[in-house]
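1. turn this into a structure:
(2 chains)
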Amino acid sequence: QSVLIQPPSASGTPGQRVTISCSGGSSNIGSNYVDWYQQLPGTAPKFLMYRNNQRPSGVPDRFSGSKSGTSASLAISGLRSEDEADYYCAAWDDSLRRWVFGGGTKVTVL
Amino acid sequence: QVQLQESGPGLVKPSQTLSLTCSVSGGSISSGGNYWSWIRQHPGKGLEWIGHIYYSGSTYYSPSLKSRVTISIDTSKTQFSLKLTSVTAADTAVYYCARGGTKQQPFDHWGQGTLVTVSS
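-> The predicted structure is shown next:
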């Protein structure tokens, strides 16, 4: 059972907007930044979003992040086939004193 | 562009010690402010952070693994290493090394990962 809760799956057709939620608590999302990672099939996770809504260089602006209270979300607009991947949220947990991750959301492009 | 590459045995016997090395290229492992982490992913599961090390040798381990983990660094070889003692089948996972691991520094560069299976 992951500390951060994500829906196991999400899907959309090409061009649509998909949103992935990440729910936590006061000791993690509620008091620290949220980061997001994209894991394409058979590859290592890739740095996708940091400090809730900041995109590293090279990440398309189709990806956006937000945070409110103890929840965060990642949105993918203009969905493309290459966006099919697992997406993980992460945050430092002040009570557990370690990084915690969501269980991952598999995005399927229909 | 910083690149990381894990290396080490793919098979470890139960109760033995898992040892992996991460080689860093394209950047200095001693650059101020950079932390270096180990993260693992059990088959078909999510990610679990193991711990991090600073170039000075200062370490911090996940409390859940602290009793069995040692992370060390060799700046002359631009490598850092992981040792996990008394392994069981539950330690079978893909192990990743990554740059980052503090509140201020997310995991911005990752190795490709290496599968370690614990089996007799």
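
2. which residue of chain A sits farthest from its center?
-> residue A:95 (21.5 Å; Cα atoms, centre = their mean).

3. so what's that one up against?
-> With contact set as Cβ atoms under 8 Å, 6 or more residues apart in numbering or on different chains, residue A:95 has these partners: residue A:27. (C-beta placed from N, C-alpha, C; glycine too.)

4. which SS class is it?
-> Here residue A:95 is recorded as coil under DSSP: H, G, I helix; E, B strand; the rest coil.

5. from chain B, how far off is it?
-> 10 Å (Cβ to the nearest Cβ, to the nearest Å).

6. before we move on, what about residue A:93?
-> For residue A:93 relative to chain B (Cβ to the nearest Cβ), the value is 10 Å.

7. list the contacts of that residue.
-> A:3, A:27, A:28, A:32, A:99, A:100.

8. top of these by neighbour count?
-> residue A:99 (28 neighbours; other Cβ atoms under 10 Å in any protein chain shown).

9. partners of that residue in the sheet?
-> Note on residue A:99: beta-bridge partners by DSSP bridges are residue A:92.

10. doesn't residue B:100 make contact with it?
-> No. Residue A:99 is beyond contact range of residue B:100, at 9.5 Å (criterion: Cβ atoms under 8 Å).

11. which bits of chain A sit near chain B?
-> Contact residues, chain A versus chain B (Cβ under 8 Å from any Cβ of the partner chain): A:2, A:32-33, A:35, A:37, A:43-47, A:50, A:56, A:88, A:90, A:92, A:96-104.

12. can you give me phi and psi for residue 37?
-> Picking chain A for this. Per-residue torsions, residue A:37: phi -130, psi 140 (degrees, to the nearest 10).

13. what ranges do the strands span in chain B?
-> Per DSSP state E, chain B carries strands over the ranges B:3-7, B:11-12, B:18-25, B:35-41, B:47-54, B:59-61, B:69-74, B:79-84, B:93-99, B:109-110, B:114-118.

14. what helices and strands are in contact with the second one?
-> Based on contacts counted as 3 or more Cβ pairs under 8 Å, 6 or more residues apart in numbering or on different chains; DSSP states H and E, the elements that strand B:11-12 packs against are strand B:114-118.

15. quick one: residues contacting the residue most central in space within chain B.
-> By Cα atoms, centre = their mean, the mean C-alpha position of chain B lies nearest to residue B:38, the distance being 2.6 Å. For residue B:38, the contact set (Cβ under 8 Å, 6+ apart) comprises B:20, B:22, B:49, B:50, B:51, B:52, B:71, B:82, B:95, B:96, B:97, B:98.

16. that one and residue A:51, how far apart?
-> Separation of residue B:38 from residue A:51 (Cβ to Cβ, to the nearest Å) stands at 23 Å.

17. what parts of chain B come near chain A?
-> Residues of chain B lying near chain A (Cβ under 8 Å from any Cβ): B:45-49, B:62-64, B:96, B:101-103, B:106-113.
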